[in-house]
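[1] Using only what follows, build the 3D model:
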Amino acid sequence: MRRTLAAVAVALATLTLATACGDEEKPSSDGGSQDPKVIEVTFDGDSVTPNGDRIEVGTGQDVELRITADEGGEIHVHSDPEQEIEYPAGDSTQTIDGIDKPGTVDVESHSLEKIIVQLEVQ
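    As a prediction, this is how the structure comes out:
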């Protein structure tokens with residue numbers, strides 16, 4: 001009887017440890033629940049602010065561009081897949097969909113031939 005109880009106790013302890021180890025792995029995965037990164041962008045004539053700044057974002061994190069522009073235009077995001085975002089004159093908010101691959105991604109205005117920001121996806 002004691003051997004049976006000991007065997008059951010060992011089996012339960014082993015299952016408890018195995019289950020606990022399995023639970024520890026879940027929080028390390030990216031849940032995609034990050035708030036969007038907000039970047040203020042201003043177009044004024046031939047200039048844009050920011051101008052080439054590097055900004056860290058998480059893998060899969062959306063980027064919200066709050067744009068003030070003297071005229072409408074288009075922003076090109078050199079991600080995979082690439083994204084093209086049109087914006088109107090005046091104030092608007094445009095979203096860059098979360099980028100899944102770590103690395104540096106240029107966000108630029110082709111009409112101005114200027115890099116607005118470089119997203120450092122981590």
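[2] for this protein, which spans come out with low pLDDT?
    The chain contains residues with pLDDT under 70 at 1-33.
[3] can you give me the strands in this structure?
    37-44, 47-49, 53-57, 63-69, 73-77, 83-87, 90-96, 103-109, 114-121 (DSSP state E).
[4] will you turn the ones you listed into TSV that also has mean neighbour count?
    Placement of C-beta: from N, CA and C, glycine included. Output for those, formatted as TSV (neighbours: other C-beta atoms under 10 Å):
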stretch	mean neighbour count
strand 37-44	16
strand 47-49	15
strand 53-57	14
strand 63-69	18
strand 73-77	18
strand 83-87	15
strand 90-96	14
strand 103-109	17
strand 114-121	20
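[5] Spatially central residue for the protein, please.
    residue 61 (2.0 Å; C-alpha atoms, centre = their mean).
[6] Excluding residues flanking it in the chain, which one is nearest residue 87?
    Closest residue to residue 87 apart from its sequence neighbours, by C-beta to C-beta, 6 or more residues apart in numbering: residue 67 at 4.9 Å.
[7] partners of that neighbour in the sheet?
    residue 41, residue 92 (DSSP bridges).
[8] quick one on the thing from earlier: distance of the residue nearest to the centre of the chain relative to residue 122?
    Separation of residue 61 from residue 122 (C-beta to C-beta, to the nearest Å): 9 Å.
[9] now do residue 81
    Separation of residue 81 from residue 122 (C-beta to C-beta): 20 Å.
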